[in-house]
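J.: What shape does this take:
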Amino acid sequence: MTIPEVTMKILVDNAAATGLLAEHGFSLWVEADNKKILFDTGQGPALRHNAQAMHVDLDKTELLILSHGHYDHTGGLPDVLRPPHHIHLYCHAAAFLPRYSIRDGIAKPVKMVPQAMISVNSLAEDKVHWVTKSLQITDRIGITGEIPRSNDFETTGGAFYFDQDGKRADPIRDDMAFWIKTGQGLIVCIGCCHAGIINTLQYIIELTGETRIHTLIGGLHLLNAQEKQLQKVITELKKFEINTIVPCHCTGDRAYAHLATEFNCIKGYAGMEISI
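T.: Next comes the predicted model:
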């Protein structure tokens, strides 16, 4: 029997298989390089239920990576970080800032909830790794840290602010991705991709020197993209060597339909398992 290099299970997503809970959020379980990695935690309610149904023991999590500090990616932290555990947390310090999404003049808090902040503050100092620059966890696994915004057509994907009055724009600098090197190319895992998928892939290729993208999985935050921007993103994506895209969470049905016409796309959902 061939042993897979990498195993991935989507634990939380906006869509879910029968018997699993769907919620607006994202969480991905990854086993690679003898590491058990949890990437984001969803809003919270769906995480442990789905993990148990998918035979994932969250208490065996070794590395916990946060893509950014929004509530729909960090809400499950208190459940995952309940003692006893031996988890090392990797995140950006800006993940804890107050932040809002403003739509139709109404400001909605999207920050990390207080219980999640408390659970992080309870960790021993040597268990928390503040990531700003790129960081290698193993020879094959790395985290981007802050992603340079190098083009003029990608946005954060929404009206995000540090204040309720919409005067201080939030660039979501804490947005991070992580990658895994395989013999078939990179696996790139993204949470919401507020830094933009083109910026993200260009930076990871620059960091790794690997141009082949075997699997791109996670939220692309193209839900609110205008048609012109969406077409530009797809045009630029076609310049990369991408084998498979697994769009999840905040990608949006319209964007998925466009992507599916140009790429080998498999729509993500809680319950999906991928072995490479």
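J.: can you give me the helices for this protein?
T.: Ranges of helices within the chain are 45-53, 71-74, 77-80, 114-121, 197-208, 227-237, 253-262, based on DSSP state H.
J.: so what does the fifth one touch, helix or strand wise?
T.: Translated: helix 197-208. The elements that helix 197-208 packs onto, with contact taken as 3 or more CB pairs under 8 Å, 6 or more residues apart in numbering; DSSP states H and E, are strand 177-182, strand 185-190, strand 212-219, helix 227-237. Bear in mind the C-beta positions are built from the backbone N, C-alpha and C, glycine included.
J.: OK, contacts around the residue nearest the centre of the chain?
T.: Geometric centre of the chain, nearest residue: Gly191, 1.6 Å, by CA atoms, centre = their mean. Contact partners of Gly191, counting by CB atoms under 8 Å, 6 or more residues apart in numbering, are 26, 39-40, 66-68, 73, 175-177, 218-219, 249.
J.: Spatially nearest residue to it, not counting backbone neighbours?
T.: Using CB to CB, 6 or more residues apart in numbering and skipping residues adjacent in sequence, the residue nearest Gly191 is Ser67, 2.4 Å away.
J.: do Tyr203 as well
T.: Going by CB to CB, 6+ apart, Tyr203 has Ile147 as its nearest residue, at 5.2 Å.
J.: Return the distance of that neighbour relative to Thr200.
T.: In this view, Ile147 and Thr200 are 5 Å apart by CB to CB, to the nearest Å.
J.: hey, what's in contact with both of those two?
T.: Ala177.
J.: which residues of the stretch 1-150 of the chain fall in strands?
T.: In the stretch 1-150 of the chain, the segments counted as strands under DSSP state E, counting those that start in this stretch are 6-12, 27-32, 35-39, 63-65, 88-91, 100-103, 106-109, 128-130, 135-136, 141-143.
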